[in-house]
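Enquirer: Pasting a predicted model and its sequence here:
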Amino acid sequence: MACRISELVLDCVDAEQLAVFWSEVLGYVEVGREDDGSIELGPPGTGFGGPQPTLVLSPTTDPRPRKLRLHLDVSPTDRDQQAELRRLLTLGARHADIGQTGEENWYPLLDPEGNEFCLLRRQLPPV
């Protein structure tokens, strides 16, 4: 027997703002809300326990101490990488400088709160 990733939890200052951003990026919808202000996002019609992990945005007042040791990688599903990059930047993503050479086939980005994620080149079919 093995485990699988069921949800990813991202601490944030403004769960509402990040819920809008990540819903647009991933095509997710709100599937739950907790009394502590956490917002859970997931694929439409499934939610927790489905084939894709949900994303929980958990409010915190603690400042981010340093670079995260974990980040999300996203792949375009219905357009090429350049078109998806333009869409993500329009939604509020920003380029991140992590010492890349310019020869990489992925783009390091920051969400509106500065959390790192990468846009990969390879297009995947939608789930």
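Expert: Sure thing, it's come through. Residues are numbered from 1 along each chain as shown.

Enquirer: and the nearest residue in space to Q123 that is not next to it in sequence, which of the three is it?
Expert: Nearest residue to Q123 in three dimensions, chain neighbours excluded: P76, at 5.0 Å (Cβ to Cβ, 6 or more residues apart in numbering). Bear in mind the C-beta positions are built from the backbone N, C-alpha and C, glycine included. On the three-state scheme (DSSP: H, G, I helix; E, B strand; the rest coil), P76 is labelled coil.

Enquirer: Tell me where the chain has strands.
Expert: Using DSSP state E, the strands of the chain run over residues 7-12, 29-33, 39-42, 54-59, 72-74, 94-95, 107-110, 116-119.

Enquirer: most neighbours per residue, which of these?
Expert: strand 39-42 (a mean of 22; mean count of other Cβ atoms under 10 Å).

Enquirer: Just checking: what are the partner strands of it?
Expert: strand 29-33 (antiparallel), strand 54-59 (antiparallel) (DSSP bridges).

Enquirer: Make CSV from the ones you listed and add mean pLDDT and distance to C3 to it.
Expert: Formatted as CSV, the strands paired with strand 39-42 follow (pLDDT from 0 to 100; distance: least, Cβ to Cβ, whole Å):
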stretch, mean pLDDT, distance to C3
strand 29-33, 96, 21
strand 54-59, 95, 15
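
Enquirer: could you dump these to TSV with distance to L89?
Expert: TSV is the format used below for those (distance: least, Cβ to Cβ, whole Å):
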stretch	distance to L89
strand 29-33	23
strand 54-59	20
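
Enquirer: Indicate which one of those strands is closest to N105.
Expert: Nearest to N105 among the strands paired with strand 39-42 is strand 54-59; the distance by Cβ to Cβ comes to 24.7 Å.

Enquirer: Now do the same contact list for V74.
Expert: Going by Cβ atoms under 8 Å, 6 or more residues apart in numbering, V74 touches V25, L26, F117, C118, L119, L120.

Enquirer: can you do 7 Å?
Expert: V25, F117, L119, L120 (Cβ atoms under 7 Å, 6 or more residues apart in numbering).

Enquirer: okay, it: pLDDT?
Expert: Note on V74: pLDDT of 95.

Enquirer: And the pLDDT for the most centrally placed residue in the chain?
Expert: The centroid of the chain falls nearest to W22 when counting by Cα atoms, centre = their mean (5.3 Å). Looking at W22, its pLDDT is 97.
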